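In: next input, structure requested:
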Amino acid sequence: MKKVFWALALQLACAPPLAALDTWSLEKCSIYTKAWRSYDAGLPELSTGFRASNESFIATNCQARVSACPSNDADLEVADQLSWIMVMEGAPGSFLPFSCS
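Out: The predicted structure is shown next:
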């Protein structure tokens with residue numbers, strides 16, 4: 001019985017987060033990805049770190065807590081625009097990867 005309990009506990013601990021399976025989470029990520037790609041393609045002045053952080057966030061289906069810190073005016077403008085887009089689509093601010101330590 002103990003083996004069954006521990007096997008079940010291990011399966012639950014290793015299971016993907018429920019949010020990863022949630023339709024709304026995937027939709028938010030899709031909206032964010034499309035918006036990011038439109039800005040990323042048109043603004044060569046975005047910083048390398050800001051680009052890399054956003055790409056990392058997208059690579060995890062927008063599930064990882066990534067710190068995308070705007071480091072120049074172009075980064076800040078894009079972060080502002082993406083924030084507006086996501087809020088207008090109904091996503092909470094906590095969804096966004098923008099933060100600086």
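In: helix, strand, or coil at the nearest residue to residue 62 once chain neighbours are set aside?
Out: In space, residue 62 comes closest to residue 29 once its chain neighbours are excluded; the distance is 3.6 Å by CB to CB, 6 or more residues apart in numbering. C-beta here means a position set from N, CA and C on the backbone, and glycine is covered the same way. Recorded secondary structure, residue 29: helix (DSSP: H, G, I helix; E, B strand; the rest coil).
In: what is the burial count for residue 29?
Out: 19 (other CB atoms under 10 Å).
In: just residue 64 next, same as before
Out: Residues near residue 64, counting by other CB under 10 Å, number 11.
In: before we move on, the earlier item: ok, the residue nearest to residue 62 - contacts?
Out: Contact analysis of residue 29 by CB atoms under 8 Å, 6 or more residues apart in numbering lists 58, 61-62.
In: which parts of the protein are helices?
Out: Using DSSP state H, the helices of the chain run over residues 2-14, 18-21, 23-42, 48-59, 73-88.
In: can I get those in JSON lines including distance to residue 96 and mean pLDDT?
Out: Formatted as JSON lines, those follow (distance: least, CB to CB, whole Å; pLDDT from 0 to 100):
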{"stretch": "helix 2-14", "distance to residue 96": "28", "mean pLDDT": "48"}
{"stretch": "helix 18-21", "distance to residue 96": "15", "mean pLDDT": "46"}
{"stretch": "helix 23-42", "distance to residue 96": "8", "mean pLDDT": "91"}
{"stretch": "helix 48-59", "distance to residue 96": "9", "mean pLDDT": "95"}
{"stretch": "helix 73-88", "distance to residue 96": "6", "mean pLDDT": "95"}
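In: brilliant, that's me finished.
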